[in-house]
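> Structure of the sequence below:
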Amino acid sequence: MNLLLRVTNGLRTLAAHRHLLRTLIERDLSSRYRGSAAGVLWSLLMPCSMLAIYYFVFGYINQPVRQSFFSAQGADFALTLFAGLNLHALLAECLSRAPQAIITQPSYVKRVVFPLYLLPLTVVGAAFVQFLLASSILFVAHAWLNGLSWSLLLWPLSWLSLLVLATGLSLLLSALTVYLRDIVQVTGFVATFLLFMAPVFYPLASAPAGLQTALLFNPLTLPVETSRALFTQTPLPDTPLLLAHAAASLLFLMFSGWVFRKTRRGFADVL
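Sure, this is the predicted structure:
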């Protein structure tokens, strides 16, 4: 009962500050392209360019390597690769930017009334907007090459629990980095490690049986496998695995929120 009450109170607080959060996200996104000629259009141009490169390299040049692991055609492989990298980008951006969300904003920390949890949530929100923009390119390309499928209505299954996990990571890392600055140096390596230990460039079934179980502990594995299944019309991962991933992500978010609340009292003293 207390757990449900805490979750409800947290959602109410977030709803009360939703306009401020939206403003912070918009400012974060606009600051990335300030002064550039194309502006926010770069958010669409870059995913289009990357998808075209994947289609050319893996659809034509690298066919023997692709066919040794996948039965998918070049277009399908390029799409599923782009989808997997897009999921990784969502998590990687939170890993790389969240540690500095608090330490780079000392003026906000010293304002007693400012809701500090919005700073790491801004990182998540900006990363999610970028993810949605890249995903729109993915859907357009899939519709053009293969047509749309009803199975794609289940697309949120591939990213919803990952988004919850990324939110928890952002809260936890932003709080801990105030006290331990070395975290900033580690997260880049962790993001790269998670990429290659997830079935983005290879299917999970191609890994040895014992290693497959270990790879399931990578938070990217099930989202990537789910995304591949939806875009290639193959069976989804087992429901218990998806439910376990969702439950673990939610519990981790709650733990991270608890750590953030406990540590934020000392932010102003450290900064």
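> contacts, neighbours, all on C-alpha from now
Noted.
> now the helices for the stretch 151-271 of the chain?
160-179, 183-196, 209-215, 221-232, 239-263, 267-270 (DSSP state H, counting those that start in this stretch).
> Which elements pack onto the longest one?
In this structure, helix 239-263 makes packing contacts with helix 160-179, helix 221-232, judged by 3 or more CA pairs under 8 Å, 6 or more residues apart in numbering; DSSP states H and E.
> okay but residue 97 is in contact with residue 122, surely?
No. Counting by CA atoms under 8 Å, residue 97 stays clear of residue 122, with 10.1 Å between them.
> Neighbours of the nearest residue to residue 201 once chain neighbours are set aside, how many?
Of all residues not flanking residue 201 in the chain, residue 81 sits nearest, at 6.7 Å (CA to CA, 6 or more residues apart in numbering). Neighbourhood size, residue 81 [other CA atoms under 10 Å]: 23.
> So for residue 76, what pLDDT did the model give?
Looking at residue 76, its pLDDT reads 73.
> same thing with the one 4 residues further on?
On the pLDDT scale, residue 80 is placed at 85.
> Run through the residues that contact it.
Applying CA atoms under 8 Å, 6 or more residues apart in numbering, we find residue 80 in contact with 227, 228, 231, 232.
> Could you check how far the closest residue in space to residue 260 that isn't next to it in sequence is from residue 14?
Using CA to CA, 6+ apart and skipping residues adjacent in sequence, the residue nearest residue 260 is residue 175, 5.6 Å away. Distance, residue 175 to residue 14, by CA to CA, to the nearest Å: 18 Å.
> And these two? Which one has more around it.
The neighbour count for residue 175 versus residue 14, taken as other CA under 10 Å, is higher for residue 175 (30 against 17).
> wait, doesn't that one sit right on residue 265?
No. Contact between residue 175 and residue 265 fails when scored by CA under 8 Å: they sit 10.4 Å apart.
> among the helices and strands packed on helix 239-263, which is nearest residue 134?
Relative to residue 134, the nearest member of those by CA to CA is helix 221-232, separated by 14.0 Å.
> That closest one packs against which elements?
Under the contact definition 3+ CA pairs under 8 Å, 6+ apart, helix 221-232 sits against helix 74-97, helix 239-263.
> Just want the angle from the longest one to helix 160-179.
Note on geometry: by axes from the mean of the first three to the mean of the last three CA atoms, to 10 degrees, helix 239-263 and helix 160-179 are set 30 degrees apart in direction.
> Taking their axis directions, helix 239-263 and helix 221-232 sit at what angle?
130 degrees.
> Now do helix 239-263: distance to the chain's middle.
Relative to the centre of its chain, helix 239-263 is centred 15 Å away, using CA atoms, centre = their mean, to the nearest Å.
> buried ones in that helix?
Neighbour counts over helix 239-263 (16 or more other CA atoms under 10 Å) mark 242, 245-246, 248-250, 252-254, 256-257, 259-260 as buried.
> what does it rub up against?
In this structure, residues lying in contact with helix 239-263 by CA under 8 Å, 6+ apart are 117, 161-162, 164-165, 167-169, 171-172, 175-176, 219, 222.
> for those residues, which one is nearest residue 148?
Among the contacts of helix 239-263, and counting by CA to CA, the member closest to residue 148 is residue 222, at 22.5 Å.
> So which helix or strand of the protein has the lowest pLDDT on average?
None of the helices or strands of the chain scores lower by mean pLDDT, DSSP states H and E than helix 63-69, at a mean of 49.
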